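Student: fold the following, please.
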Amino acid sequence: PPPAIREVWQSSPAFRPIFIDSMYSYNMDNWVVEAVGRLLLAGVLGALVGAEREHHGRSAGFRTHLLSSLGAAIAITVSLHLVRVFSGTDYPQWVSLDPGRVAHGVMVGIGFLGAGAIIRYGRGVRGLTTGASLWCTAAVGLACGLGMYAVAAIATAFVLFTLIVLSKLDHYIPSRCYRT
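Tutor: Got it, this is the predicted structure:
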């Protein structure tokens, strides 16, 4: 690297492998344990939603939802870690560290994945609920990755309530089919 970057690299405590000066004063071991916990919770919550989809024979089931949630959690956890590593250092001004950009990218990417689950079937459309559940599962993964465990658990409970309980009530709601 250029001399200016090499000087920052060698003098900055952020690049020392044992301890990281971060906004939470975590050392590297604590951060790794917390990150693994975030990923495990994201995987478990995503798997719960995926198990319900799998039970109903949907193409995007257990593994897809688990991976969607886990991938979102990995992306935001890595992004947060970069912010922790580079916060308070003299990194170049053109480097922008914004975890919100990663969250945005995850949600857009999962939107495309969910759109792939939606197909036209006769006069109707199938896969909308599966696409929406994938999107929600990715958001749950982001919440886990950000350390918002209660929000992630409540959101998962609400998604499962929607998929299990409200699907039973769906038969009682009158609907009309419009021809386009």
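Student: pull out the buried residues from the top helix by length along the chain.
Tutor: Across the chain, the helix with the greatest residue count (assigned by DSSP state H) is helix 28-55. Buried residues in helix 28-55, counted by 16 or more other CB atoms under 10 Å: 31, 35, 38-39, 41-50, 52-54. Where C-beta positions appear, they are placed from N, C-alpha and C, glycine not excepted.
Student: against which helices or strands is it packed?
Tutor: Identification of packing neighbours for helix 28-55 by 3 or more CB pairs under 8 Å, 6 or more residues apart in numbering; DSSP states H and E yields helix 62-86, helix 128-145, helix 149-169.
Student: that one to helix 62-86, inter-axis angle?
Tutor: 160 degrees (axes from the mean of the first three to the mean of the last three CA atoms, to 10 degrees).
Student: quick one: mean pLDDT over helix 28-55.
Tutor: Helix 28-55 shows a mean pLDDT of 88.
Student: ditto for stretch 61-74
Tutor: Mean predicted confidence for stretch 61-74 is 90.
Student: roughly how far does residue 161 sit from residue 52?
Tutor: 10 Å (CB to CB, to the nearest Å).
Student: where does residue 97 sit: helix, strand or coil?
Tutor: In terms of secondary structure, residue 97 is coil; the call rests on DSSP: H, G, I helix; E, B strand; the rest coil.
Student: neighbours of the closest residue to it other than its chain neighbours, how many?
Tutor: The shortest distance from residue 97 to any non-neighbouring residue, by CB to CB, 6 or more residues apart in numbering, is to residue 83 (4.8 Å). The number of residues packed near residue 83 is 13, by other CB atoms under 10 Å.
Student: would residue 174 count as being in a strand?
Tutor: No - checked against three-state DSSP, residue 174 lies outside a strand; its state is coil.
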